[in-house]
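**Student:** need a structure here:
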Amino acid sequence: MILSIKEIALLLDGEIIGDETVKINNIQKIEFANKGDITFFSNSKYEKYLYTSNASAVILDSKFTLEKKINPTIVIVDDAYLALSKIIQKFDINIFSKSGISKKSDVGSNNSFGENIFIGPFTSIGDNVKIGRNVKIMNNCSISDNVEILDNTIIHSSVNIYHSTKIGKNNIIHSGAVIGADGFGFAPNNDSFNKINQIGNVITGDHVEIGANTTIDRATIGSTIINSGVKIDNLVQVGHNVFIDSNTVIAGLTAIAGSTSIGKNCMIGGQCAIAGHLKIGNNVKVAGNSGVGSNIKDNKTVQGIFAFNKLDFQRSYVLFKNLPKLSKKIDDILNILK
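**Tutor:** Numbers count the residues shown, from 1 in each chain. Predicted coordinates for the structure are as follows:
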């Protein structure tokens, strides 16, 4: 694909400074960009590359002030990082433009399929499945009975979606994800455990993204709900009856135990452990490698193995690191006093 710098500026609602005849055929990182490439600058760590870049064009924040003239044509935007996401979307080769149902797939009965869908080889579709327009289901997937997948959703290879799951519009589900497996429910019975059958389902809203090898368990009763705009990284475990509200993002290796509720616009760092039956408010930030064992109110930022206020944790951490020195000083004082 080749775009003129004018087309790019129009797409990004940006202002051009420099040669307006430039043609762009690729997006590249600022340190590696060459002629024909457009790059972006939004992190001061890379400022040195800005003045030596061979890129044909660069996207810059309107807030940034150049120290000296640069060679690339400049496109000034309000938010360079957001602009990057738009232009990548434009340049992305649409490998999902294919349509049709592979002869090597296995399709059940009484199904409803929208226009322009794709079902790849060795994918199994159960009975009473509803698939919306422009849905793309890649190779080796398993879509069980009574599943509903709405328009424009992409399901990558080797995804398993259990029965009665409802997937919203414009979802992206990456390879190896398992949606709707049984929740971890067992009732103690003397010296053994009786399995509690999980008869609920999983529901996702629109524009949800679920990372590779992530598991979202079905509800015991009712639904495990992932609301619209939620983004879940790779290798995340979401337990039964969890509720995650709109536009929350969760980084990899995090585990959320059953029946916990997470509010809107939260940011959960990687490798966090969140106990069950908790309520986490809106706009909460949980730093990576934290353990959450109690409710968190709106707008809080927490950190730590037993997570508490982030600033308090960081102040305490300074003391943790100095404990050996403090211990030695105390021993020295005690020796003097003897």
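**Student:** From here on, just use CA atoms for contacts and neighbour counts.
**Tutor:** Will do.
**Student:** Show me the helices in the stretch 51-200 of the chain, by range?
**Tutor:** Listed in chain order, the helices of the stretch 51-200 of the chain (DSSP state H, counting those that start in this stretch) span residues 80-91.
**Student:** can I assume residue 74 is in contact with residue 20?
**Tutor:** No: the pair residue 74 / residue 20 is not scored as a contact, 9.6 Å apart, by C-alpha atoms under 8 Å.
**Student:** These two: who's more crowded?
**Tutor:** Set side by side, residue 74 and residue 20 show unequal neighbour counts under other C-alpha atoms under 10 Å, the larger going to residue 74 at 24 against 13.
**Student:** Please state the mean pLDDT value computed over the biggest helix by length in the chain.
**Tutor:** Among the elements of type helix in the chain, defined by DSSP state H, the one spanning the most residues is helix 310-337. The average pLDDT for helix 310-337 rounds to 88.
**Student:** gap between residue 174 and residue 214?
**Tutor:** Counting by C-alpha to C-alpha, to the nearest Å, the gap between residue 174 and residue 214 amounts to 8 Å.
**Student:** got any ranges where the stretch 1-150 of the chain has weak pLDDT?
**Tutor:** Counting by pLDDT under 70, the stretch 1-150 of the chain has low-confidence residues at 93-95.
**Student:** ok, now with 90
**Tutor:** In the predicted model, the stretch 1-150 of the chain carries pLDDT under 90 at residues 1, 89-98.
**Student:** now swap in the stretch 201-338 of the chain and tell me
**Tutor:** Confidence mapping of the stretch 201-338 of the chain against pLDDT under 90 gives the ranges 304-310, 313-326, 337-338.
**Student:** neighbours of residue 106, just the number please.
**Tutor:** Summarising burial for residue 106: neighbours were counted as other C-alpha under 10 Å, giving 16.
**Student:** Surely it touches residue 127?
**Tutor:** No: using C-alpha under 8 Å, residue 106 makes no contact with residue 127, being 10.6 Å away.
**Student:** Okay, the residue nearest to residue 235 when sequence neighbours are not counted and residue 226: tell me how far apart.
**Tutor:** Nearest residue to residue 235, sequence neighbours excluded (C-alpha to C-alpha, 6 or more residues apart in numbering): residue 214, at 4.5 Å. Relative to residue 226, residue 214 is positioned 13 Å away (criterion: C-alpha to C-alpha).
**Student:** go on, residue 46?
**Tutor:** Relative to residue 226, and taking C-alpha to C-alpha, residue 46 is found at 36 Å.
**Student:** same check, this time on residue 280
**Tutor:** As defined by C-alpha to C-alpha, residue 280 lies at a distance of 15 Å from residue 226.
**Student:** Compare these two and say which one has the larger neighbour count.
**Tutor:** Neighbours per residue, other C-alpha under 10 Å: of residue 280 and residue 226, the larger number sits with residue 226, 29 against 24.
**Student:** if we can go back for a sec, pull the distance from the longest helix of the chain to the chain's centre.
**Tutor:** In terms of C-alpha atoms, centre = their mean, to the nearest Å, the centre of helix 310-337 is found 40 Å from the chain centre.
**Student:** for stretch 273-290, same thing?
**Tutor:** A distance of 16 Å separates the centroid of the chain from that of stretch 273-290, by C-alpha atoms, centre = their mean.
**Student:** Pull the residues that contact it.
**Tutor:** The list of residues contacting stretch 273-290 from outside it, by C-alpha atoms under 8 Å, 6 or more residues apart in numbering, reads 254-272, 291-307, 310.
**Student:** got it, and stretch 176-189?
**Tutor:** So stretch 176-189 is contacted by 157-163, 165, 193-198, 201-202, 210-220, 239-240, 258 (C-alpha under 8 Å, 6+ apart).
**Student:** Restrict the residues you listed to the buried ones and give me that as a ChimeraX selection.
**Tutor:** The ChimeraX command for the buried members of the contacts of stretch 176-189 (criterion: 16 or more other C-alpha atoms under 10 Å) is given here:
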select :157,158,159,160,161,162,163,165,198,201,202,210,211,212,213,214,215,216,217,218,219,220,239,240,258
